[in-house]
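Enquirer: Sharing a model that was predicted from the sequence below.
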Amino acid sequence: MSKKFYLLVNLKSGADRGTFSYRNTTQILENNNLAYETIFSKYPGYLTQAAQQLANDLKLNPNAIIIVIGGDGSLNQVLNGIKRSAYPQTPIAYLPSGTGDDFARALNLQYTPQELIAKLNNHPEVKEFDCGYYFNVNTNQEGYFVNNLGIGFDAYVVAETNNSNMKKRWGHFSYGINVFKAILNQPAFSVTVKVNDKIHSFNNAYLVTTTNHPYFGGGVPILPKAKPTNHLLDTIVVEKPSFFKFVYLFSKMIITKKQIKDPHFHYYGAKEMEVITKDLEYGQLDGEELGSKNFDLLFHVDKFNLLL
Ligand SMILES: Nc1ncnc2c1ncn2[C@@H]1O[C@H](COP(=O)(O)OP(=O)(O)OP(=O)(O)O)[C@@H](O)[C@H]1O
């Protein structure tokens, strides 16, 4: 039986990149007489419910191929929809078309739409990757992430970037511009990390991020040694240094792309952990704002199937 492609598309991703990728993809599918159906994201969050329904309808049909066209936020929504379905092992293919595209960067996904379609049509491979799961004890919210869940500095950058029109105008650089705003405005806060039966408390944290791979904020290598295949999550706590020291450490991290070994940086790798903040702080999940909350987060590493 011939294959059918199901495109889950966010035209709002990556300024015009989402639209460009979608047009390109449909052109290739049509030129090759391949059957397809498109589901457009109608509003923020739409792709979660759409992916859940689609996975339930497709029932792991091996001839049905789901492709996400969008950025990290769209991939996150589709992953969460698939995980909520009766078939959480449903594989998803991904055509990165966002602004930051941190997940694609971490996996070094470099194919063109043409190459992706040819591979998926001729010899698709299912590969298992890690993702993170969180449950906020304070709000009963839960979900999965492909990149990271961050509180503090990175969430401030995401909130500023998403709440301005900067992504449209400046694309990838909008994250960089807001880093400087965050350096000036993000206050320190208290955080406790419980991991491997040990409790680590900090009164002067600047960010606490639980990550599946090295990058956040459109390519900032917060933990170069993190891997989305090692069945571990990593939590990084950065204590607030002086302004000049922060600029120095941040620049060093970006230039050397090496793990920062400085007393202000603390790393914890494990299969599960708990992160608790006392005060209201901004959170970000795969580059999408979680709002300002008291977080008591139970994390564990989970997995999903990527079709390549
Ligand atoms: N129909 C829509 N109208 C307005 N916004 C939408 C619509 N559909 C999705 N969105 C929102 O678009 C935003 C951007 O999505 P996405 O993350 O895919 O791209 P990006 O932000 O450009 O890329 P990245 O996350 O990799 O930086 C998300 O917050 C998503 O909820």
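Expert: The structure has been received and is ready for your questions. Because the structure is a prediction, the values reported are computed rather than measured.
Enquirer: switch to C-alpha atoms for all contacts and neighbour counts from now on
Expert: Fine.
Enquirer: give the contact list for residue 271.
Expert: Contacts for residue 271 (CA atoms under 8 Å, 6 or more residues apart in numbering) come out as 231, 232, 233, 300, 301.
Enquirer: residues touching the fourth one, list them.
Expert: In other words, residue 300. When contacts are counted by CA under 8 Å, 6+ apart, residue 300 touches 132, 133, 134, 233, 271, 272, 273.
Enquirer: So which of those belong to strands?
Expert: 132, 133, 134, 233, 272, 273 (DSSP state E).
Enquirer: So which residues on the stretch 51-200 of the chain come close to the ligand?
Expert: Neighbours of the ligand within the stretch 51-200 of the chain, by CA under 6 Å from any ligand atom: 70, 71, 72, 73, 74, 98, 99, 100, 101.
Enquirer: from what I can see the first one touches residue 96, true?
Expert: It refers to residue 70. Yes. Applying CA atoms under 8 Å as the test, residue 70 and residue 96 come out as touching, 5.7 Å apart.
Enquirer: and stretch 263-273, how far out from the chain's middle?
Expert: Computed by CA atoms, centre = their mean, to the nearest Å, the chain-centroid distance of stretch 263-273 equals 19 Å.
Enquirer: in it, what's buried?
Expert: Using 16 or more other CA atoms under 10 Å as the test for burial, stretch 263-273 gives 264, 265, 267, 268, 269, 271, 272, 273.
Enquirer: okay, those in a markdown table with distance to residue 20 and pLDDT next?
Expert: Below are the buried residues of stretch 263-273 laid out as a markdown table (distance: CA to CA, whole Å; pLDDT from 0 to 100):
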| residue | distance to residue 20 | pLDDT |
| --- | --- | --- |
| 264 | 42 | 90 |
| 265 | 40 | 92 |
| 267 | 39 | 96 |
| 268 | 40 | 96 |
| 269 | 38 | 96 |
| 271 | 38 | 98 |
| 272 | 39 | 98 |
| 273 | 40 | 98 |
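Enquirer: I'd like those residues as TSV, with distance to the ligand appended.
Expert: Compiled in TSV, these are given as follows (distance: CA to the nearest ligand atom, whole Å):
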residue	distance to the ligand
264	27
265	25
267	25
268	25
269	24
271	25
272	25
273	25
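Enquirer: Would you reformat these as CSV and include distance to residue 296?
Expert: Output for the buried residues of stretch 263-273, formatted as CSV (distance: CA to CA, whole Å):
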residue, distance to residue 296
264, 22
265, 21
267, 18
268, 17
269, 18
271, 17
272, 13
273, 11
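Enquirer: Report how many residues lie close to residue 138.
Expert: 12 (other CA atoms under 10 Å).
Enquirer: And residue 90, by the same measure?
Expert: Residue 90 has 25 nearby residues by other CA under 10 Å.
Enquirer: hang on, it packs against residue 305?
Expert: Yes. Between residue 90 and residue 305 there is a contact at 6.7 Å, judged by CA under 8 Å.
Enquirer: For the ligand, give me its nearest residue in the stretch 201-308 of the chain.
Expert: Of all residues in the stretch 201-308 of the chain, residue 287 sits closest to the ligand, with a separation of 5.2 Å (CA to the nearest ligand atom).
Enquirer: Next up, the contacts around that residue.
Expert: By CA under 8 Å, 6+ apart, residue 287 lies in contact with 72, 73, 155, 158, 216, 217.
Enquirer: For it, give me the backbone phi and psi.
Expert: Dihedral pair for residue 287: phi 80, psi 10, per degrees, to the nearest 10.
Enquirer: Where does the prediction get shaky in the stretch 51-200 of the chain?
Expert: 164-176 (pLDDT under 70).
Enquirer: ok, which stretches of it are helices?
Expert: Assigned by DSSP state H, counting those that start in this stretch, the helices in the stretch 51-200 of the chain fall at 72-84, 102-107, 113-122, 153-162, 166-170, 173-185.
Enquirer: can you confirm residue 228 is in a strand?
Expert: No. Read with DSSP: H, G, I helix; E, B strand; the rest coil, residue 228 is coil and lies in no strand.
Enquirer: Could you check the pLDDT of it?
Expert: The model reports residue 228 with a pLDDT of 96.
Enquirer: ok now do it, which residues does it touch?
Expert: Here residue 228 is in contact with 106, 129, 130, 131, 212, 213 (CA under 8 Å, 6+ apart).
Enquirer: Turn the residues of the stretch 51-200 of the chain next to the ligand into CSV, columns for neighbour count.
Expert: Converted to CSV, these look like this (neighbours: other CA atoms under 10 Å):
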residue, neighbour count
70, 29
71, 29
72, 30
73, 26
74, 29
98, 28
99, 27
100, 28
101, 27
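Enquirer: Can you add distance to residue 251 and give those back as a markdown table?
Expert: Shown next, in a markdown table, are those (distance: CA to CA, whole Å):
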| residue | distance to residue 251 |
| --- | --- |
| 70 | 29 |
| 71 | 25 |
| 72 | 24 |
| 73 | 26 |
| 74 | 29 |
| 98 | 24 |
| 99 | 21 |
| 100 | 18 |
| 101 | 21 |
